[in-house]
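Participant: Sharing a model prediction with you, sequence too.
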Amino acid sequence: MRYFSTRGDGPVNLDEALRKGIADDGGLFLPEKMPAFEITDFENAESIPEVAEVLLRPFFEGSALEDSLAGILAETFSFPMPLTDLAAAGREVGLLELYHGPTAAFKDVGAGFLAACLSRLESNTAAPLTILVATSGDTGGAVAAAFDSRPGMRVVVLFPEGRVSDRQAHQLCCWSDNVVSLKVQGSFDDCQALVKAAMADAELSAVHRFSSANSINIGRLLPQSTYYADASLRHHRRTGTKPGFIIPTGNLGNAFACIMAREMGLPIGPVILATNANRTIADYFETLEWLPRASLQTLASAMDVGDPSNMERLRKLVGEADVLRQQLGVLSVSDAEIEASIRQDFKEFGFATCPHTATASHTWRQLDEELAGAHDWILVGTAHPAKFETIVEPIIGQTVPLPPELEDILSRPAHAIAIKPDLTSLASVIGDT
């Protein structure tokens, strides 16, 4: 399989696309052609690793990792991802729980997969590969955990100071010496811009051998498409119908993975994007103009993105806004609506949801009657509510128990270095560490 940049550069093979993270022309890698599947291709695939092996095998053709795929998938999918029946008012609706991994967020899947791939590719390389990752909350912790103490790997995590929860911040800053945590005096968009600028700087890239673990890296998206394939297949086998998905959306990587799976022929119905008050995507669908802007700080902090990178992939794969809005829905959810949805989720379902997952449940409740009744729905649960206890616990009036993995992480000492949001500051710090 060959991979091309959304801006024209290429081709490269999977190994190079994983190492580079971003193309030399600044674009994002996509496969030259999406594989096409029939539902019958997955007849003998009963578990997520088995579904993943069928789904991802074509992407690994010609890769040095081709014979290691089974081992990579065993590492990646080492924790449960249950599809919980919510039994809501007689309607068919489920919650895809993606927050049972090492850092209690869906990003553990993509980060674990990328670490498993790159550690194999770099096993005999003398100079370390430096993984740059901008995070609005969960990505950095997942990547740090996945690459922690791996030989030949260094991780540099950039997060916006004061814009992530205390528990999220701790998760970003408590790892081994091969993980450098930087609190940037700016927004997530500033962090993301720094990563892109550093990777575009030929001199810095030559010195540090940069790669990225954000969802700009195709290695994040491939495994994420697998859990949508698996959930849709399970639902289709049971009901004979294609479920719709409602997906909390920030940088658009998780939603794009679902769209990839649908493009490849998996039984996926409508896809609806739930955003927070950062309305860039919603306004694009409404006005047909792509107008990135500075991000707003919200309760759903991991979704505080004003310039979602994966829109470039989405426009290349599917089309511009006039086409996209025929195939996707989008709803912007305010902080007040997030609070109300957390409260209603707890009352209706009997358990707490995080602010991000609450955007999906709010969006589901706002579906018009015809659309809601025409499909079964799967809401995507992206993070454990215990990561946002200062928001969730006052709303539900109860303590949210810590999962064991999160309790272990929070017991570790943490340290971060403050930097200004400019390339000079970043280059100085990573040159000294």
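Facilitator: In hand now; what should we look at?
Participant: From here on, just use CA atoms for contacts and neighbour counts.
Facilitator: Will do.
Participant: can you map out the strands along the stretch 301-433 of the chain?
Facilitator: Ranges of strands within the stretch 301-433 of the chain are 328-332, 377-381, 417-419, based on DSSP state E, counting those that start in this stretch.
Participant: which stretches of the stretch 251-400 of the chain have low pLDDT?
Facilitator: Within the stretch 251-400 of the chain, no stretch has pLDDT under 70.
Participant: quick one, helices of it?
Facilitator: Residue ranges of the helices in the stretch 251-400 of the chain, as given by DSSP state H, counting those that start in this stretch, are 253-263, 280-287, 311-317, 321-327, 335-349, 355-365, 369-374, 389-396.
Participant: Out of the ones you listed, which is the most enclosed?
Facilitator: The highest average neighbour count among the helices of the stretch 251-400 of the chain, using mean count of other CA atoms under 10 Å, belongs to helix 355-365 at a mean of 26.
Participant: Which elements pack onto it?
Facilitator: Judged by 3 or more CA pairs under 8 Å, 6 or more residues apart in numbering; DSSP states H and E, the packing partners of helix 355-365 are strand 244-248, strand 271-275, helix 335-349, strand 377-381.
Participant: longest strand of the chain?
Facilitator: strand 153-160 (DSSP state E).
Participant: Rounded mean pLDDT for the next helix or strand along the chain from that strand, please.
Facilitator: Downstream of strand 153-160, the next assigned helix or strand under DSSP states H and E is helix 166-172. Taken as a whole, helix 166-172 has a mean pLDDT of 90.
Participant: Please name every helix or strand in contact with helix 166-172.
Facilitator: Using 3+ CA pairs under 8 Å, 6+ apart, the elements in contact with helix 166-172 are helix 139-147, helix 404-410.
Participant: closest to residue 203 out of the strands of the stretch 301-433 of the chain?
Facilitator: strand 417-419 (20.5 Å; CA to CA).
Participant: what are the pairing partners of that closest one, and which direction each?
Facilitator: According to DSSP bridges, strand 417-419 forms sheet pairs with strand 179-184 (parallel).
Participant: on contacts alone, who are the packing partners of the next helix or strand after the strand it pairs with?
Facilitator: Next along the chain after strand 179-184, taking DSSP H and E as the criterion, comes helix 188-200. Judged by 3+ CA pairs under 8 Å, 6+ apart, the packing partners of helix 188-200 are strand 129-134, strand 153-160, helix 202-208, strand 210-212, helix 423-432.
Participant: can I have helix 188-200 written out in CSV, keeping just the CAs?
Facilitator: Extracted in CSV, the C-alpha atoms of helix 188-200 (Å, rounded to 0.1, in the frame of the first residue of the first chain):
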residue,chain,number,x,y,z
PHE,A,188,-4.1,24.0,22.1
ASP,A,189,-4.0,25.5,18.6
ASP,A,190,-0.7,27.2,19.6
CYS,A,191,0.6,23.8,20.7
GLN,A,192,-0.5,22.2,17.4
ALA,A,193,1.1,25.0,15.4
LEU,A,194,4.4,24.5,17.3
VAL,A,195,4.4,20.8,16.4
LYS,A,196,3.8,21.5,12.7
ALA,A,197,6.4,24.3,12.7
ALA,A,198,9.0,22.1,14.3
MET,A,199,8.4,19.3,11.9
ALA,A,200,8.5,21.7,8.9
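Participant: Taking strand 153-160 as reference, get the angle to that helix.
Facilitator: 150 degrees (axes from the mean of the first three to the mean of the last three CA atoms, to 10 degrees).
Participant: Can you give me the buried ones in helix 188-200?
Facilitator: Within helix 188-200, the residues that qualify as buried are 188, 189, 190, 191, 192, 193, 194, 195, 196, 198, 199, 200, counting by 16 or more other CA atoms under 10 Å.
Participant: Check stretch 422-433 too.
Facilitator: 422, 423, 426, 429.
Participant: So residue 285 versus residue 365, what's the distance?
Facilitator: Distance from residue 285 to residue 365, counting by CA to CA, to the nearest Å: 21 Å.
Participant: Ok, residue 80 next?
Facilitator: Residue 80 is 27 Å from residue 365, by CA to CA.
Participant: which residues touch residue 131?
Facilitator: The contact partners of residue 131, taken as CA atoms under 8 Å, 6 or more residues apart in numbering, are 153, 154, 155, 156, 210, 211, 212, 213.
Participant: could those go into CSV alongside distance to residue 94, pLDDT and neighbour count?
Facilitator: Converted to CSV, these look like this (distance: CA to CA, whole Å; pLDDT from 0 to 100; neighbours: other CA atoms under 10 Å):
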residue, distance to residue 94, pLDDT, neighbour count
153, 38, 91, 21
154, 38, 93, 24
155, 36, 95, 29
156, 36, 96, 26
210, 40, 91, 25
211, 36, 88, 24
212, 33, 86, 27
213, 29, 86, 32
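Participant: just the residues you listed now: which is nearest residue 69?
Facilitator: Using CA to CA, residue 213 comes nearest to residue 69 of the contacts of residue 131, at 19.0 Å.
Participant: Right, I'll leave it there.
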